[in-house]
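> I would like to see how this sequence folds:
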Amino acid sequence: MDQIQLGNSKLKDVIAKCKANNMPNDTINNAIKKAAGEGSSANYEELTYEGYGTNGVAVIVKASTDNKNRTAADVRHVFDKAGGNLGTSGCVSYMFETKGVIVIEKEGCPIAEDDLMMEVLEAGAEDFLVEDEVYEIKTIPSDFTTITETLTEKGLTFLEAGIQMIPSTYVELDETGAEKMQRLIDKLEELDDVLEVYHNWDE
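Numbering: from 1, shown residues only. Next comes the predicted model:
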């Protein structure tokens, strides 16, 4: 029973993220199928790679693959070509915290700021941040689905919604370093097996 609930929660998280990014229905359906392991007889598994970009920027790559050797080789090749290096498991993950992140645009928000803050904190959110144009809500991963469902029922839409790895410290880069780092991120995200790329570059 617990496994079924976990699977449903994961699918709900995928749907919330896709909708927040205004993806077409076909794209959402494909993402759901991939998360559910459908569309292929192969066994997919999720893997995490850790490494360093320009000037020691910490990089975490989340991937889903049916061929670990191929994916590891592809990820390593991108790091090498972009002037970074792939590290060992745990080499940078200690610098990140896993959090649910929900971003709501202030303009057009149907709930007043104070009421929204009370709503999300009562639903179990850890933090409610007010930025210039958006509200940012942070949760522990296990509460993410409940809070997104609560807010959706209230008629709210999200600019962004997903489980993210939040860095505890950031690295600033000069123009040359920033160009190299952006190239590394772009090339990693172009790999078919890569789901997410996290880093502590202060963009």
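> use CA for all of it now, contacts and neighbours both
Will do.
> where does this structure have low pLDDT?
Along the chain, segments meeting pLDDT under 70 span 1-42.
> Helices along that one, start to end?
For the chain, the helices defined by DSSP state H occupy 2-20, 25-36, 68-81, 113-122, 141-153, 175-190.
> by contact count, what packs against the third one?
In terms of contact count using 3 or more CA pairs under 8 Å, 6 or more residues apart in numbering; DSSP states H and E, helix 68-81 is assigned the packing partners strand 85-86, helix 175-190.
> Looking at those, spot the one closest to residue 71.
Taking CA to CA, helix 175-190 is the member of the helices and strands packed on helix 68-81 nearest to residue 71, at 10.8 Å.
> Tell me the helices and strands packed up against that closest one.
Using 3+ CA pairs under 8 Å, 6+ apart, helix 175-190 sits against helix 68-81, strand 194-199.
> Give me the residues contacting that helix.
53-55, 61, 75, 78-79, 82-84, 194-197, 203 (CA atoms under 8 Å, 6 or more residues apart in numbering).
> what about residue 110, distance to residue 79?
Distance of residue 110 to residue 79, computed by CA to CA, to the nearest Å: 44 Å.
> burial of residue 99, as a residue count?
20 (other CA atoms under 10 Å).
> can you tell me which residue is nearest the centre of this structure?
The centre of the chain sits closest to residue 164, judged by CA atoms, centre = their mean, with a distance of 3.9 Å.
> Work out the gap between stretch 180-189 and the centre of the chain.
Relative to its parent chain, stretch 180-189 has a centroid offset of 16 Å by CA atoms, centre = their mean, to the nearest Å.
> Just the buried positions in it, please.
180, 181, 182, 183, 184, 185, 187, 188, 189 (16 or more other CA atoms under 10 Å).
> before we move on, the earlier item: from the contacts of helix 175-190, which two are the most distant?
Across the contacts of helix 175-190, no pair lies farther apart than 55 and 195, at 24.1 Å, counting by CA to CA.
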